[in-house]
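J.: Build me a structure from this.
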Amino acid sequence: MENFNDLFEKILHDTDKIKENIYQIGIEAVIESSDISTKEAILNKLLILFPSRFELYYFMGYIFRDTDMYKSMMWYHICLNINHHNVECVLELTKILFDHNYLHFIYYLNQKYDNILFKFQDDRISILLSAMYIKEGKINLAEPILMQLLEKTEENTVILDELMTQTIYINSSFLFGKLTNIEVAMKYINKILLNFSSDTKSDDEYMRIAFENYSLLCDYVYTDPVVRFEHCKKLNYFYPSSKLFALQCRNNKNKIKIGYVSNAFKDHAVSNFILPILDNHDTEKFDIFLFTHHVYKHDKFPMFNINKKSANDCAKLIYYLGIQILIDIDGHTSNNRLDIFSKNPAPIQITYLGFPNSTALDFIQYRITDSIADHPDSVQIYSENRLYMPRCFLLYKTAESLIYTFTENTEKPYIILGSLNKEPKNSKNVLQVWKQILHSTTNTKLLIKISSVDNVENRINFYKDVLDIDESRLIIVEFCSNEEYMKLFHKIDILLDTFPYSGTTTTCHALQASTPVVTLYHKDYHAHNVSSSLLINSGFPELVCYSENEYVEKVVELCNNPEKLAEYKTSIRQGFLELMEPKQFIKEYENILSTLYYRYGEPEKTKKTSVL
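T.: Residues are numbered from 1 along each chain as shown. Coordinates of the predicted model:
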């Protein structure tokens, strides 16, 4: 560094000085330094001397990619302006835009630079394009790209590194999930899991994502609980638990401090369940702290940005704020921060709401549920101790506009059955049951909301074939806005719940719209039973079935009884709203948290020390 600075000063005082050596010395100094400020200072000086060297702008973008997204984007964009043919710059800039959901800007750049994303014969860009199309629901665009990439991996026509291969398999699992082919999605995830061993590096991000994706996919098919749990336990390799803090819990002079960690406080399905809890917390008894990726001003509670911050730094913050109960809202869903929990910054750590299964992680002690969603005699395996709410474990208030309207019309020519859950929940099992219902009725049509925007014809043909019905009995709704989606609940007469992964948000939307929901119960799968808990606790246990035959019979019976459907249209909403009255729920919920807190015992007389 000193040698570089000396040469730089000499050059500034002698503009005729030959400059060849200083460029190489500067780049070597950037590579050797571990300090971002030092790297930036060297590159700024090199840019004074070599303003047309596009790679310097690329290096600037690279050093900020994990710490300052906007700086990184700016430097990459300047690099691209100078040299449109730098594939590394195109790739890195597109990755950042993809990770932060700026997909429209990707299209803008592609247009600005003459279709640049399609000019490179680079598999890494193809992988990224396939992921982007899947994210947007553009299945017809994603599928041929992935099929070509899969052919390369399976026939070894091109040597791909392990990371690229893993990414191709992960993207393929997402694609086939969108196409409701969960078995094939699982096949590609298992290709990655087969390569796992205890020697795998704990920072292998793609292997961790594969395990978490596996744990999610398990809820879409009937999976052996023991096999699922044994696989998911291996996630502990990626979240090694450490006891870094001298933990204290009791302080009778102060309120109980609760921290919620999630990316779902805003613009997320889980927002419908966590926000009403936050709105109704008793602030005389509890101090609430929110930790999230997407910071906005909350009316009642302080919110801390944990985006791109290390687990150690976040855990240190949580510890020194004195959080006594730390609650994970995300589980193994995307952008979770379970790595923070692995540092054990709070004496009591709980998972709740966002994930319908055990985390299988050693450092999560508790899970909040109820005895219908999680039958006490269930064979489903949990690493956590289950905390049972006396009624339904959910408190719902929609963040969307859902206007209740009812117009009785018992002379409708047909009954509209609705499938409004995420399309991957339309399992082979549930489609066979729906087929029986449609074949047992002549006055029904099936409305299905699909997950894609560009393969409507393919999905029509798929459902027409698998259900063995005429196309006139299908109503296919493309991927649509939230506003249009909410209107669908007033178009359908009966919501057909899915299994083995039942609805949660969708079921609540339907019940608030006073639309009857028919569901199937299975005591051994939590994901199967959320709708059952909502219906039974709302006062409609007759809509919960205990066999596939009973499910068929119940729906057929309702289809033949328009007067009963009309009765439900005036009664279900009221029963559901009574269940979702927040005062009683919050009393029961906070009682569980208070009981845990006071059971924890007196704190060890240990002085807090700096441990990170």
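J.: State the distance from Ile492 to Val517.
T.: Ile492 is 10 Å from Val517, where distance means CB to CB, to the nearest Å. Where you see a C-beta, it was placed from the backbone N, CA and C, and this is true even at glycine.
J.: These two: who's more crowded?
T.: Shown here are Ile492 and Val517; by other CB atoms under 10 Å, Val517 has more neighbours (28 against 22).
J.: ok, the more buried one touching Val544?
T.: No: counting by CB atoms under 8 Å, Val517 stays clear of Val544, with 9.3 Å between them.
J.: Need the residues touching each of these two.
T.: When CB atoms under 8 Å, 6 or more residues apart in numbering defines a contact, the residues bordering Val517 and Val544 alike are 531, 535.
J.: Just confirm Ile448 is within a helix.
T.: No: inclusion of Ile448 in a helix is not indicated when DSSP: H, G, I helix; E, B strand; the rest coil is applied; the result is strand.
J.: Need the pLDDT of it.
T.: Per-residue confidence at Ile448 stands at 97 (pLDDT).
J.: List phi and psi for the closest residue to it other than its chain neighbours.
T.: With CB to CB, 6 or more residues apart in numbering as the measure, Ser419 is the residue that lies nearest to Ile448, at 4.5 Å, once sequence neighbours are left out. With angles defined as degrees, to the nearest 10, Ser419 shows backbone torsions of phi -120, psi 100.
J.: list the contacts for Ser419?
T.: Ser419 makes contact with 426, 434, 446-449, 495-496, 498, according to CB under 8 Å, 6+ apart.
J.: Distance check, it against Tyr107.
T.: For Ser419, the distance to Tyr107 equals 31 Å [CB to CB].
J.: what do you get for Met164?
T.: 24 Å.
J.: of these two, who's got more company?
T.: Met164 (19 against 13).
J.: What segments of the protein are strands?
T.: With DSSP state E as the criterion, the chain has strands at 256-261, 286-292, 303-305, 325-328, 348-351, 366-370, 385-389, 415-419, 444-449, 474-477, 494-496, 517-520, 544-545.
J.: could I get those as a markdown table with distance to His84?
T.: Putting the strands of the chain into a markdown table (distance: least, CB to CB, whole Å) gives the following:
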| stretch | distance to His84 |
| --- | --- |
| strand 256-261 | 42 |
| strand 286-292 | 37 |
| strand 303-305 | 35 |
| strand 325-328 | 44 |
| strand 348-351 | 47 |
| strand 366-370 | 52 |
| strand 385-389 | 57 |
| strand 415-419 | 46 |
| strand 444-449 | 41 |
| strand 474-477 | 41 |
| strand 494-496 | 51 |
| strand 517-520 | 54 |
| strand 544-545 | 60 |
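J.: quick one, which of those strands is nearest to Ile209?
T.: strand 325-328 (17.4 Å; CB to CB).
J.: So which residues make contact with that closest one?
T.: Contacts for strand 325-328 (CB under 8 Å, 6+ apart): 256-262, 318, 336-338, 341, 345-346, 348-352, 354, 359, 364, 593, 596-597.
J.: how's this protein carved up into domains?
T.: What the record gives for the chain is the domain set 133-238, 256-389, 415-579, from automatic domain parsing.
J.: Tell me where the model's unsure across the stretch 1-150 of the chain.
T.: Applying pLDDT under 70 to the stretch 1-150 of the chain flags residues 1-4, 6-20.
J.: what's near enough to touch the residue nearest to Tyr521 when sequence neighbours are not counted?
T.: In space, not counting the residues next to it along the chain, Tyr521 is nearest to Ser532; the distance is 4.6 Å by CB to CB, 6+ apart. If you count contacts by CB under 8 Å, 6+ apart, Ser532 has them with 372-373, 502, 519, 521, 544.
J.: For those, give me CSV that also has distance to Asn101 and neighbour count.
T.: Formatted as CSV, the entries for those read as follows, by distance: CB to CB, whole Å; neighbours: other CB atoms under 10 Å:
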residue, distance to Asn101, neighbour count
Ile372, 36, 24
Ala373, 31, 26
Ser502, 28, 30
Thr519, 33, 26
Tyr521, 37, 23
Val544, 38, 23
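J.: which one of the residues you listed sits closest to His528?
T.: Using CB to CB, Ser502 is the member of the contacts of Ser532 that sits closest to His528, with 5.7 Å.
J.: Please determine how far the residue nearest to the closest one when sequence neighbours are not counted is located from Thr506.
T.: Spatial nearest neighbour of Ser502, chain neighbours left out: Ser531 (4.3 Å); criterion: CB to CB, 6+ apart. Ser531 sits 9 Å away from Thr506, going by CB to CB.
J.: burial count for His77?
T.: Look at His77: counted by other CB under 10 Å, it has 16 neighbours.
J.: Please report how far it lies from Ile96.
T.: Computed with CB to CB, the distance linking His77 and Ile96 is 10 Å.
J.: what do you get for Ser241?
T.: 31 Å.
J.: From the neighbour counts alone, determine which of those two ranks first.
T.: Using other CB under 10 Å as the criterion, Ser241 and Ile96 rank with Ile96 on top: 19 against 13.
J.: just checking, that one touches Met73?
T.: Yes: proximity of Ile96 to Met73 meets the contact threshold set by CB under 8 Å, at 5.8 Å.
J.: Check what pLDDT Val158 gets.
T.: Note on Val158: pLDDT of 56.
J.: where does the chain dip in pLDDT?
T.: Of all residues in the chain, those with pLDDT under 70 make up the ranges 1-4, 6-20, 156-160, 198-203, 246-253, 399-412, 601-612.
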